[in-house]
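Enquirer: Just to be clear, the model below is a prediction. Sequence and coordinates:
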Amino acid sequence: MTSTEQGPVSGARAAQPDRLGHVVFITAAAAMGGFLFGYDSSVINGAVEAIRSRYAIGPATLAQVIAIALIGCAIGAATAGRIADRIGRIRCMQIAAVLFTISAVGSALPFALWDLAMWRIVGGFAIGMASVIGPAYIAEVSPPAYRGRLGSFQQAAIVVGIAISQLVNFGILQLANGDQRGRIGGLEAWQWMLGVMVVPASLYGLLSLAIPESPRFLISVGRKERARRILAEVEGRNVDLDARVAEIEAAMHREHKSTFKDLLGGRAGLLPIVWVGIGLSVFQQLVGINVAFYYSATLWQSVGIDPTASFLYSFTTSIINIIGTVIAMTLVDRVGRKPLALAGSTGMAVALAFLAWAFSAPLVGGKLPHAQGVVALVAAHGFVLFFALSWGVIVWVFLGEMFPNRIRAAALGVAASAQWVANWLITASFPSLSAWNLSATYIIYACFATLSIPFVLAFVKETKGKALEEMG
């Protein structure tokens, strides 16, 4: 039996940090990028109708303004790995914090539609960076025995960000007497919704000053003593630190800085493991989850729900999202990644099928019939719950763990970039698809949820409990 099969000689697999609370703080601070990811992605939900009204645009143009941030997300995700390998994970977080702040101010004070779109691209670039650097950094500072739960912090932060954005939007809407274009202190309500993100963006920048650099990055630039001290902080002093540094260094000696060329191979162009990562990312989006966060207020209003109630339903959906994420964080290291993914896919497929049935009913007086309305509300919340307790968490955990060290940064960047492209496709197409046939749109999403089941069974390997250096 080889040493890899036996496990790390340093004892990393059984590492117990001396101060778990300190490791949790480090993880939570890094996951603040996930909070901003969720906040910035979802806050636009409260401004959709106001933007449509202020700039007098149709659904196709509106969809592009909403979705254009995702282009920035894809670019940010594709480049974050290279940036992080060159200047470090912490510097990458700080750049993202600055971009989030600039985007918030610009989006709140646009001159015209074109610069609103530009500021959304800037914010999207920051989201893309955060989507890559968060899970990578957390995976690199987490002891293997806790890595699933700590890796779940990224998604937990995302869903909390989504919920807080909806709560802030609801509060601002109340101050504006239920009018998204109502004026508060000289600005319209929707401008305040977009501008409040300055607060968490500034906090993210401050927190990035209080956490250590990744030990793997420090070893890569020759700062072994600093890396040893950080490993003692996050993995505990009972681990053989010299052996641990040697393990990481040996793994790095077998590799070079990952680039896109390193991902090439096999008959399908890319290495099989890279395609699996791309598949996980794409399926996570093709089930239509972000429709619930970008368009839910507009969707509920389109079937007869009044604006204030539609914002409330958006908020309750976000609370369900948090509950599901907590369930996933509790189970991910006990049950494993694959079982959660399979359970979530099954639940989402059923909930989406019920949504398709509910929206197939003709409107009566501009509203869904009572029975279908109740089913739509329950199924929408059920869909979000099953997503949150499975794919919402495990995809980020998988992407932080599943790739070999020599290609991790580049592969994670490609997979996350594919996720943003799929997100853009769903976001940009939903207004037109829903105008064509809302029920059929949800049938399409249900089909993707169903297809994800054989994909996971056939191609995805469990990573529970393995050290990063064991990923082959």
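Expert: Received the coordinates, thanks.

Enquirer: For the stretch 101-250 of the chain, which segments count as helices?
Expert: Counting by DSSP state H, counting those that start in this stretch, the segments of the stretch 101-250 of the chain that form helices are 113-141, 147-175, 189-195, 198-208, 215-220, 224-235, 241-253.

Enquirer: Looking at those helices, spot the one closest to N321.
Expert: Across the helices of the stretch 101-250 of the chain, N321 has its closest neighbour in helix 147-175 (4.3 Å, Cβ to Cβ). For the C-beta atoms, the positions are set from N, CA and C on the backbone; glycine is no exception.

Enquirer: what's that closest one packed up against?
Expert: helix 20-30, helix 32-43, helix 113-141, helix 189-195, helix 307-331, helix 391-401 (3 or more Cβ pairs under 8 Å, 6 or more residues apart in numbering; DSSP states H and E).

Enquirer: Next, format the helices of the stretch 101-250 of the chain as CSV and append mean pLDDT.
Expert: Converted to CSV, the helices of the stretch 101-250 of the chain look like this (pLDDT from 0 to 100):
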stretch, mean pLDDT
helix 113-141, 88
helix 147-175, 83
helix 189-195, 92
helix 198-208, 93
helix 215-220, 86
helix 224-235, 82
helix 241-253, 76
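
Enquirer: between the ones you listed, which gets nearest to G336?
Expert: helix 147-175 (8.5 Å).

Enquirer: Name the residues of the closest one that come out as buried.
Expert: Within helix 147-175, the residues scored as buried using 16 or more other Cβ atoms under 10 Å are 147-166, 168-170, 172-173.

Enquirer: Any idea how many residues pack against S202?
Expert: Residues near S202, counting by other Cβ atoms under 10 Å, number 15.

Enquirer: quick one: contacts for it?
Expert: Residues in contact with S202 (Cβ atoms under 8 Å, 6 or more residues apart in numbering) are A97, T101.

Enquirer: sorry, back to before: can you check which of the helices of the stretch 101-250 of the chain gets nearest to L368?
Expert: helix 147-175 (22.0 Å).

Enquirer: The closest one vs helix 224-235, what angle?
Expert: Here helix 147-175 runs at an angle of 80 degrees relative to helix 224-235 (axes from the mean of the first three to the mean of the last three Cα atoms, to 10 degrees).

Enquirer: May I see the buried residues of stretch 83-98?
Expert: Buried residues in stretch 83-98 (16+ other Cβ under 10 Å): 83-85, 88-97.

Enquirer: Sitting in helices, which of those residues do you find?
Expert: Counting by DSSP state H, the part of the buried residues of stretch 83-98 found in helices is I83, A84, D85, R89, I90, R91, C92, M93, Q94, I95, A96, A97.

Enquirer: Tally up the residues packed near A145, please.
Expert: A145: 18 neighbours (other Cβ under 10 Å).

Enquirer: Give me the residues contacting stretch 339-348.
Expert: Looking at what lies outside stretch 339-348 - Cβ under 8 Å, 6+ apart - the contacts are 287, 328, 331-332, 382-383, 385-387, 389-391, 393-394, 446, 449-450, 452-453, 456-457, 460.

Enquirer: Just the buried subset of these, please.
Expert: By neighbour count, with 16+ other Cβ under 10 Å, those hold 287, 328, 331-332, 382-383, 385-387, 389-391, 393-394, 446, 449-450, 452-453, 456, 460 as buried.
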